[in-house]
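K.L.:
Any chance you can model this:
(one chain, ligands or ions: 1)
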Amino acid sequence: MKKQKILITGGAGYLGSILTTKLVYLGYDVTVIDILEFNKISLSHLFVKNNFKFINGDVRDKKLMTKELRKNDIIIPLAALVGAPLCAKYPKKTLEINYKCVKFILSKLKTSQKIIYPNTNSGYGIGDKNKFCDEKSPLKPISLYGRTKVEAEKIILRHRNSIVFRLATVFGYSYRMRTDLLVNFLVNMAIRNKKITIFEPHFRRNYIHVIDVANAFIFALENFSKMKGNIYNVGLSNANLTKLQLAKRITKNIKGIKINLLKNKKDPDKRDYFVSNKKIEKLGFRPSISLDDGIIELKNLFNTFNFRDNKNNY
Ligand SMILES: NC(=O)c1ccc[n+]([C@@H]2O[C@H](COP(=O)([O-])OP(=O)(O)OC[C@H]3O[C@@H](n4cnc5c(N)ncnc54)[C@H](O)[C@@H]3O)[C@@H](O)[C@H]2O)c1
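P.N.:
All right, here's what the predicted structure looks like:
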């Protein structure tokens, strides 16, 4: 059978470097376009593989994108400015990369080409107190990041061969490491400071390991016709936890860590929701890495390496 050709934009990033590695080893023909804004060597281990091609390029380069889009069967657009603080700092660039580039990609796609898009479940904004958000819950993004992702999701779904994921907050080690994501951030803080400081401890979130995010993409590739035209939440169903519950899980796994609650500090990120992941689970997808295993992985990682404080900044 002919190998499928996949174009991944932003493939050198936190999610992308894990996903690209898995897809290359599964035998797909993978092309990555990335400007290498962060880690410059996150895909260097793949240069030995002849089914991998790296292009150091910008998704805003329409000529490059038109040429590469034509050559591929499947598009996974990951390139974005990611997270509310970064997007608030660079609003024009955010709109260009997170929304306009996705719109351009769709304008060039043939109906037969497939696209799998990662939205954030932060679009759920502030969920009802006693209800889990599912894929039918209204989207009320509260940041520019969330808004551009939700608008991009809408246009993605107009393409017949599309699948949208709404991802929980991702954790775990990646070749391009991010220490700004909540679980990674708090475990790093626990190791560095021997205490975890949190505010607005009641805010609820859902979590998923980065390897399971890559596995969800692979599941979508393998079950495309069954899944297309749909949105799926992707998270650990047994990890719908408040920030305080998360801090307690970390102290359960790392001894001697105190939790320090700041009463008066407000979180600029007002996200507060629990999420149901039943829709993708009903199709047979099961995450493989628990929150506890992820915390232990991160404990070992941060005990061994001192990652520069990485606020996802330019
Ligand atoms: N990490 C999460 O928790 C999470 C959750 C939900 C959705 N997502 C989505 O997944 C995608 C990847 O997120 P991530 O956590 O890997 O972020 P990341 O910042 O690690 O990766 C983004 C990548 O895009 C590249 N990039 C940025 N601008 C570019 C441009 N103009 N041209 C080419 N490349 C460019 C960067 O160099 C980087 O390698 C994003 O679309 C994000 O919205 C992430």
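K.L.:
Tell me if I'm right that E297 and V183 touch.
P.N.:
No. Counting by Cβ atoms under 8 Å, E297 stays clear of V183, with 10.3 Å between them. All C-beta spots, glycine's among them, are computed from the backbone N, C-alpha and C.
K.L.:
tell me the domain boundaries of the protein?
P.N.:
Listed by automatic domain parsing, the domain ranges of the chain are 5-168+207-234, 182-206+238-275+284-304.
K.L.:
which residues do E297 and V183 both contact?
P.N.:
Contact criterion Cβ atoms under 8 Å, 6 or more residues apart in numbering; residues bridging E297 and V183 by contacting each: G172.
K.L.:
Give me the more crowded residue out of those two.
P.N.:
Between E297 and V183, counted using other Cβ atoms under 10 Å, V183 has the larger neighbour count: 24 against 17.
K.L.:
what's the more buried one in contact with, if anything?
P.N.:
So V183 contacts 169, 171-172, 207, 246, 250, 291, 294-295, 298 (Cβ under 8 Å, 6+ apart).
K.L.:
just these that are near the ligand?
P.N.:
T169 (Cβ under 6 Å from any ligand atom).
K.L.:
Closest one to the ligand out of the contacts of V183, please.
P.N.:
T169 (5.3 Å; Cβ to the nearest ligand atom).
K.L.:
and that closest one, backbone torsions?
P.N.:
phi -70, psi 120 (degrees, to the nearest 10).
K.L.:
all strands of the stretch 101-250 of the chain, in order?
P.N.:
114-120, 132-133, 162-167, 169-171, 195-199, 204-209, 230-234, 240-242 (DSSP state E, counting those that start in this stretch).
K.L.:
who does the second one pair up with?
P.N.:
Okay, so that is strand 132-133. Paired with strand 132-133 in the same sheet, following DSSP bridges, are strand 274-275 (parallel).
K.L.:
Is it possible to get the contacts of V183 out as TSV so that each row also shows pLDDT and distance to G235?
P.N.:
Shown next, in TSV, are the contacts of V183 (pLDDT from 0 to 100; distance: Cβ to Cβ, whole Å):
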residue	pLDDT	distance to G235
T169	94	8
F171	98	11
G172	98	13
Y207	96	6
L246	98	13
I250	98	18
L291	98	10
G294	98	13
I295	98	16
L298	98	18
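K.L.:
Could you dump the contacts of V183 into JSON lines and include neighbour count?
P.N.:
Output for the contacts of V183, formatted as JSON lines (neighbours: other Cβ atoms under 10 Å):
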{"residue": "T169", "neighbour count": "19"}
{"residue": "F171", "neighbour count": "29"}
{"residue": "G172", "neighbour count": "26"}
{"residue": "Y207", "neighbour count": "25"}
{"residue": "L246", "neighbour count": "25"}
{"residue": "I250", "neighbour count": "23"}
{"residue": "L291", "neighbour count": "22"}
{"residue": "G294", "neighbour count": "27"}
{"residue": "I295", "neighbour count": "24"}
{"residue": "L298", "neighbour count": "26"}
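K.L.:
Turn the contacts of V183 into CSV, including distance to N51.
P.N.:
Output for the contacts of V183, formatted as CSV (distance: Cβ to Cβ, whole Å):
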residue, distance to N51
T169, 32
F171, 29
G172, 25
Y207, 32
L246, 39
I250, 39
L291, 34
G294, 29
I295, 34
L298, 31
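K.L.:
which one among the contacts of V183 gets closest to L19?
P.N.:
Each of the contacts of V183 was scored against L19 by Cβ to Cβ, and G172 proved nearest at 12.8 Å.
K.L.:
contacting residues around that closest one?
P.N.:
G172 touches 183-184, 209-211, 289, 294, 297-298, counting by Cβ under 8 Å, 6+ apart.
K.L.:
same deal with T242?
P.N.:
Contacts of T242 (Cβ under 8 Å, 6+ apart): 201-205.
K.L.:
looking at those, which has the most residues close by?
P.N.:
That'd be R205 among the contacts of T242, by other Cβ under 10 Å, with 24 neighbours.
K.L.:
hey, what's the closest residue to that residue other than its chain neighbours bridged with?
P.N.:
In space, and not counting its chain neighbours, R205 is closest to T169: 5.4 Å by Cβ to Cβ, 6 or more residues apart in numbering. Using DSSP bridges, the bridge partners assigned to T169 are Y207.
K.L.:
how far away is T169 from Y207?
P.N.:
Counting by Cβ to Cβ, to the nearest Å, the gap from T169 to Y207 is 5 Å.
K.L.:
Likewise for T31?
P.N.:
Shown here: T31 relative to Y207, a distance of 30 Å by Cβ to Cβ.
K.L.:
what's the nearest residue to the residue of the chain at minimum distance from the ligand if we skip its chain neighbours?
P.N.:
Nearest to the ligand, among the residues of the chain, is G13, at 2.0 Å (Cβ to the nearest ligand atom). Nearest residue to G13, sequence neighbours excluded (Cβ to Cβ, 6+ apart): R176, at 5.4 Å.
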